[in-house]
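**Student:** sequence and computational prediction follow.
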Amino acid sequence: MEPKRIQLHYHLMLLPGMIVLAVFHFYPMLGAVIAFKKFLPAKGIWGSPWVGLDNIKFMFQISDSREIFLNTITIASMKIVAHLVVPLLFALLLNEIRIRYVKRWVQTIVYLPHFMSWVVLSVIIVNMLSLRGIVNQALGLFGIEPILFLGSNTWFPFVLVGTDVWKEFGFKAIVYLAALTAINPALYEAAAIDGASRWQMMRHITLPGIATTVVLLLTLSLDNVLNAGFEQVLNLYNPLVYASGDVIDTYVYRVGLVQSQYGIASAVGLMKSVVGFVLIVLSYQLAARFANYRIF
Amino acid sequence: MKEERRKRSNSDGGMHHMKLGTNKACAMLSAAALLLTAACSGAGGGSGGESGGSKAADTAEMSPDGKYAEPVTIRIGYYNPGDVKWPEGSNDTLTDNRYTRQIEEKFNIKIEHAFEVPQSGYDEKVSLLISSNDIPDFLFVNEGQFKILAESDMLEDLTDVYQSTASPLLKDVIAGFGPEFLKKVTYDGKMVGIPSTVPAHDNDGVVWIRNDWLKNVGIELAPTITVDDLEKAARAFITQDPDRNGKADTYGIQSTSSFVTSTIGYNSLDLIFTAYKAFPKIWTKDASGQIVYGSTLPEMKQALAKLRDWYASGLLDKEFGTIKPDQFAKDISAGKAGISMGYTWAPMKALADSVKNDKNAEWGAYMLTAADGKLYARQPNPMGRIMVVRKGAKHPEAIVKLINLFTEIDNNKVPGLYADSPGTNWTVRPIQGTFRTKNTVLDRFQRFQDAAAGKLKREELPLSDQGILDNYLKGMDVLKDSPQDWAYVLYQLFGGKIPLSPNVVEIYSEYYGITKTMELKWANLTKLENEAFVRIIVGDKPVDYFDTFVSEWKKQGGDEITQEVRKEAERLR
Amino acid sequence: MVAYGKSWSARLTDGCIVFALLVVAALSLFPILNSVAISFSEKAAVSAGRVTVLPVDFSLANYKTLLADKQFFTSFGVSLQRVALGGVLQFVLTVLMAFPLSRESKRFYGRNVYMWAVVFTMLFHGGLIPWYTTIRSLGLIDTIWALVLPGAVPVFNVILLVNFFRNLPKELDEAAMMDGAGPWYTMVNIYIPLSLPALATVTLFSVVGHWNAFFDGLVLTHSPEHMPLQTYINTLMVQPAQWEDMDPETLKTLMQTSDQGLNAAKIFVSMIPILLIYPLLQRYFIHGIVLGSVKE
């Protein structure tokens, strides 16, 4: 334990940030009680009447709730896995290249799609995936009949995951790239002298070197297990693919279009937070117990 | 002594001076009375709560045209329509333009924007402000927002203000929509909103077909067509290479993911439904005279069956369900589609580019009728956005005066302030709503027809319309060099012919609002509906699935809602 | 990286990797080029879908309109302002918080409480209304501070940086302590210089986050002078779900003014500042600059 006076400095360093968090995050969190109320604007948050668990029950009482939850979890889980594997793979591959300008240009280019909004991208994607679009033309070369990807419940989830990964992997790879540069080059030099092959270096130096980062990002991404990507789905879905593509957020959005429902939106948000929290705590405990590693 | 007498005579008005009979007292009293009256009638704009001559002040202020003596500032919520085209060389802005200047001159009212957001963010912003109990003094809201505000008692009572300050023209316009119109903005016997209006016949559907393609495939169509005629044309467009390029790359009938609406949409299939006398998405009366939801009536089945056939045989574009509504015009512009069902004003958005890309494109407007020769045109909700006043806001009558002014402009009683600059959209006005009569659109179409036939003189048209007539007289071929002008003429003079036909039947929904159960269950029912229809059309489900849909719909809240709608419709009658 | 034997198999692998990465880069580049090409093309060609990666019927019309649009530049300025203010604030608070949190709990009593508090804010939210009401009651609405203060502690970045700090060799701390250095000195003169890749990463996230933010701009600003760029651009494009319920007048005007080419031009111009500063930050996490080392 450090002497008290040094501890004091630690508290001081944390103070400004904690004040900001207290004011703008913890204090508004009290307002989450909206989830248990029927919100009436004139009465404000505190004056609105309690409805107990009605708002939360609403999500489970609609006839499609099973389908919607299933869609959400499926799409979100696939995304979590894909968003872990693809950026990592990309970062590892990029790391193997030594030609500077190739490295820098490739990295810059793959980062750009992150900036495009789904409203714009969806137009491009619909065009590319249309029956006469590029993808189906390419499939035609192999003699495959055109597939209406955006109208097929089989393909739609994959389209969602695929395009989302494509859009974000460059951005997500940056964290891995930064972690890779932090590995001490002396380790590689020593291994080269010992005659280690590329793969051996990868296994014994590179991967362990970024292990903590990978585990951290995986854990944090569990927070999104009920977030299937609202903006993306909203811009790409249509009634043909409601069965596989309608997710919690899009459903709540459509309810809100008829009449604002802040109580329900809040309840859904609360539910997502609780699930995410439980998963993260579970992961933390698992890592602590079995790997003796504290993720946070 | 003298003072005492004067005091006594002053305090009991005129009585004492008669008793005393002195001329001096008389004169002084008269003078005092004169001074008092003069002072009060000159005030005019003071806050009406003053004693004495307040009656005179009230009349000036509350009159429809009255100008305030002191400048009055009103704070109103505003959306930025984006990409505003002001006239050449002007320095006008959204806060300082011909409208705001005239308003200041005429009424001594200054307009401040409480907030200004881009147009498509407006609803979200307003909803948030409502929920935080933070609305500006004056605001346009939609019906859902209006309901919340009225029920939360956040609105000022406008009953008296409307009576005294609304101009006769405004009252006429609103009365022209029937007594239920005002009832919809009345809560607890108090009028708490002023509705903007949506004229009829702006959404009547037209089938736009490429006449040059019809010629190429040897088909002649009368201006009024049936579903079979349309089918013939579509089949020919797919099989007989109407664009003469040697490739089978042309479409028949296209649509989008918004393929059925409550009136008409871009490339929507609504006209097919109404051609079978089916009225989806509105409340209508069934055979027994009871109000039911149009989408659940048996006529829908016939329309769905026909669409299903068309899809299976390729007449209906196989990817219609995935096309985004704002991308509907791609194949039209590229010269690969020759049939488009949509608004009378569709040329502005869709057809202009097709002509730019191919000067030979000729488009004609056709009316798709049911078997009995009538076009059953579902009309939109006559109530547009509602102007509300926050409870406790000062000068509620000010907004009525502004609405009076714009009602005059909207109904061509005074010239529009930007008549010389047609690119300047009406949305730059301080009041972003229009107050037109039910037949404004129809009248405009009629005037054009009359002018084109020589029955009406050019000068009798409103200034902004004279230019359009001039363009029409130039001839459509010549006009193609400026496609936007060509499109406007096509809209007003060709598309506009359709609503004027005596065979058009106005269909109104029996109810346009939101009931209690709808708030939570309507989104689900709409999803059920859209999914069921599209699945039937693409062949995923058989036509008889419609019956399953109807019973599901009723079970999942449809029956409950139908009861509520019937009650509400009664209440508003 | 390391110079190991340039056997032909190694070169083949290198070549394959480079090829794969170039293909990926090309895929990412396509929609960007498409949008840029659209912005430089004639409107009729765009609506006919004739534009792929090169402009068709080259036209500067969109850019001329853009330059005449004062609101675009006002919003551009607001975004620059918020990036500068917000970016600096976020950087300072991120480092200030990450350093004490990277101390082990046995050295810093209470560290776990702080850490979990931070994680908690990442997961739980009070919802839109409480957040908005809090900011409003502080009088921040319609000021630049509304865009800068509420998000001043980027918790994800903080957690990321904590992870990086924890991966630095413990010997550094011991050496510093032996030299009598206090926590501030250690943080500024030892940890910061050694974490440049991580710092570049969180700075990039910070800058991009501020630059791309649009929702807070919509909700927290009232007047156009305070509206940030992406709020302005984003709401020029209509969300698809709105078509169904829009009243006819709004629909008509929106359809007439929405313009794919002009929007593409705006997006492209808004990407330029990021592209300009990006290389400055990129070199830190591509190559890493590890100063000094630890003597075993």
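**Tutor:** Great, that's in hand.

**Student:** show me which residues of chain B sit near chain A.
**Tutor:** B:127, B:130-133, B:144-145, B:147-149, B:151-154, B:257, B:318-319, B:321-324, B:327, B:514, B:518-520, B:522-524, B:526-527, B:530-531, B:533-535, B:538, B:556 (Cβ under 8 Å from any Cβ of the partner chain). Any C-beta I mention is one placed from the backbone N, CA and C, and that applies to glycine too.

**Student:** try it again with 7 Å
**Tutor:** Counting by Cβ under 7 Å from any Cβ of the partner chain, chain B comes close to chain A at B:127, B:130-131, B:133, B:144, B:148, B:152-154, B:257, B:318-319, B:321-322, B:324, B:327, B:514, B:518-520, B:522-524, B:527, B:530-531, B:534, B:556.

**Student:** which ChimeraX command selects the buried ones in those residues?
**Tutor:** Here is the ChimeraX command that selects the buried residues among those (16 or more other Cβ atoms under 10 Å in any protein chain shown):
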select /B:127,130,131,133,144,148,152,154,257,319,321,322,324,327,514,518,519,520,522,523,524,527,530,531,534,556
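
**Student:** out of the residues of chain B next to chain A, who's near chain C?
**Tutor:** By Cβ under 7 Å from any Cβ, the members of those lying near chain C are B:131, B:324.

**Student:** near chain A, anything from the helix or strand hosting C:I192?
**Tutor:** Secondary structure from DSSP states H and E places C:I192 in helix C:192-194. No - using Cβ under 7 Å from any Cβ, helix C:192-194 never reaches chain A; the gap is at least 8.7 Å.

**Student:** report all helices and strands that that helix contacts.
**Tutor:** If you count contacts as 3 or more Cβ pairs under 7 Å, 6 or more residues apart in numbering or on different chains; DSSP states H and E, helix C:192-194 packs onto no helix or strand.

**Student:** so for it, what gets flagged as buried?
**Tutor:** Buried residues in helix C:192-194, counted by 16+ other Cβ under 10 Å: C:L194.

**Student:** check for me that B:I111 belongs to a strand.
**Tutor:** Yes - B:I111 forms part of a strand when assessed by DSSP: H, G, I helix; E, B strand; the rest coil.

**Student:** which of the three states applies to the closest residue to B:F549 other than its chain neighbours?
**Tutor:** Of all residues not flanking B:F549 in the chain, B:A532 sits nearest, at 4.0 Å (Cβ to Cβ, 6 or more residues apart in numbering or on different chains). Assigned with three-state DSSP, B:A532 falls in the helix class.

**Student:** quick one: B:A532 from chain C, how far?
**Tutor:** For B:A532, the distance to chain C equals 16 Å [Cβ to the nearest Cβ, to the nearest Å].

**Student:** how close does that residue get to B:D540?
**Tutor:** Separation of B:A532 from B:D540 (Cβ to Cβ, to the nearest Å): 10 Å.

**Student:** with neighbour numbers in mind, choose between these two.
**Tutor:** Taking neighbours as other Cβ atoms under 10 Å in any protein chain shown, B:A532 and B:D540 compare with B:A532 leading, 22 against 15.

**Student:** would you check that that one makes contact with B:D547?
**Tutor:** No - distance between B:A532 and B:D547: 10.4 Å, which falls outside the contact criterion (Cβ atoms under 7 Å).

**Student:** and chain A, which residues reach chain B?
**Tutor:** So chain A meets chain B at A:39-42, A:44, A:58, A:62-64, A:123, A:126, A:130-131, A:148, A:150-151, A:238-240, A:242, A:254-255, A:258-260, A:262 (Cβ under 7 Å from any Cβ).

**Student:** please pick the buried ones from those.
**Tutor:** Applying 16+ other Cβ under 10 Å to these, the neighbour count classes A:39-41, A:58, A:62-64, A:123, A:126, A:130-131, A:148, A:150-151, A:238-240, A:242, A:254-255, A:258-260, A:262 as buried.

**Student:** who's in contact with A:Y176?
**Tutor:** By Cβ atoms under 7 Å, 6 or more residues apart in numbering or on different chains, the contact list for A:Y176 reads A:87-88, A:91, A:210, A:213.

**Student:** what's the closest non-adjacent residue to whichever residue of the stretch 51-200 of chain B sits closest to chain A?
**Tutor:** Residue nearest to chain A within the stretch 51-200 of chain B (Cβ to the nearest Cβ): B:S152, separated by 3.4 Å. Distances taken as Cβ to Cβ, 6+ apart put A:A42 closest to B:S152, at 3.4 Å, once the chain neighbours are dropped.

**Student:** work out the gap between the helix or strand hosting A:F169 and the centre of the chain.
**Tutor:** Using DSSP H and E, A:F169 sits within helix A:156-181. For helix A:156-181, the separation from the chain centroid amounts to 10 Å (computed by Cα atoms, centre = their mean, to the nearest Å).

**Student:** domain map for chain C?
**Tutor:** Per automatic domain parsing, the domain ranges recorded for chain C read C:1-59, C:65-286.

**Student:** mean neighbour count, these: which tops it?
**Tutor:** Burial of the domains of chain C is given as mean neighbour count (mean count of other Cβ atoms under 10 Å in any protein chain shown); domain C:65-286 ranks first at a mean of 19.

**Student:** what's the spacing between the closest residue in space to B:W310 that isn't next to it in sequence and B:E459?
**Tutor:** On the basis of Cβ to Cβ, 6+ apart, the spatially nearest residue to B:W310 that is not a chain neighbour turns out to be B:L316, at 4.1 Å. Using Cβ to Cβ, we find B:L316 at a distance of 48 Å from B:E459.

**Student:** neighbour-wise, which of those two wins?
**Tutor:** Set B:L316 next to B:E459 and count neighbours by other Cβ under 10 Å: B:L316 wins out with 24 against 7.

**Student:** what stretches of the chain score poorly on pLDDT?
**Tutor:** Assuming you mean chain A. Residue ranges of chain A with pLDDT under 70: A:1-2.

**Student:** my bad, chain B
**Tutor:** Residues of chain B meeting the criterion pLDDT under 70: B:1-61, B:83.

**Student:** try 50 this time
**Tutor:** B:1-57 (pLDDT under 50).

**Student:** domain parsing for chain B?
**Tutor:** Here the domain assignment for chain B is B:61-198+B:383-428, B:206-378+B:502-572, based on automatic domain parsing.

**Student:** leaving out sequence neighbours, find the closest residue to whichever residue of the stretch 201-350 of chain B sits closest to chain A.
**Tutor:** Residue nearest to chain A within the stretch 201-350 of chain B: B:S257 (3.7 Å; Cβ to the nearest Cβ). Excluding the flanking residues, the one nearest B:S257 by Cβ to Cβ, 6+ apart is A:N238, at 3.7 Å.

**Student:** the one you found contacts B:T322, doesn't it?
**Tutor:** Yes - contact status for A:N238 versus B:T322: in contact at 5.6 Å, counting by Cβ under 7 Å.

**Student:** residues that sit against both of these two, list them.
**Tutor:** Common contact partners of A:N238 and B:T322 (Cβ under 7 Å, 6+ apart): B:S257.

**Student:** poorly predicted segments of the stretch 151-296 of chain C, please.
**Tutor:** Counting by pLDDT under 50, the stretch 151-296 of chain C has low-confidence residues at C:240-242, C:289-296.

**Student:** quick one: contacts for the residue of the stretch 51-200 of chain B closest to chain A?
**Tutor:** With the criterion set at Cβ under 7 Å, 6+ apart, B:S152 makes contact with A:40-42.

**Student:** now the residue nearest the centre of chain B: how far from chain C?
**Tutor:** With the centre of chain B defined as its mean C-alpha position, the nearest residue by Cα atoms, centre = their mean is B:V198, 3.3 Å away. Distance, B:V198 to chain C, using Cβ to the nearest Cβ: 6 Å.
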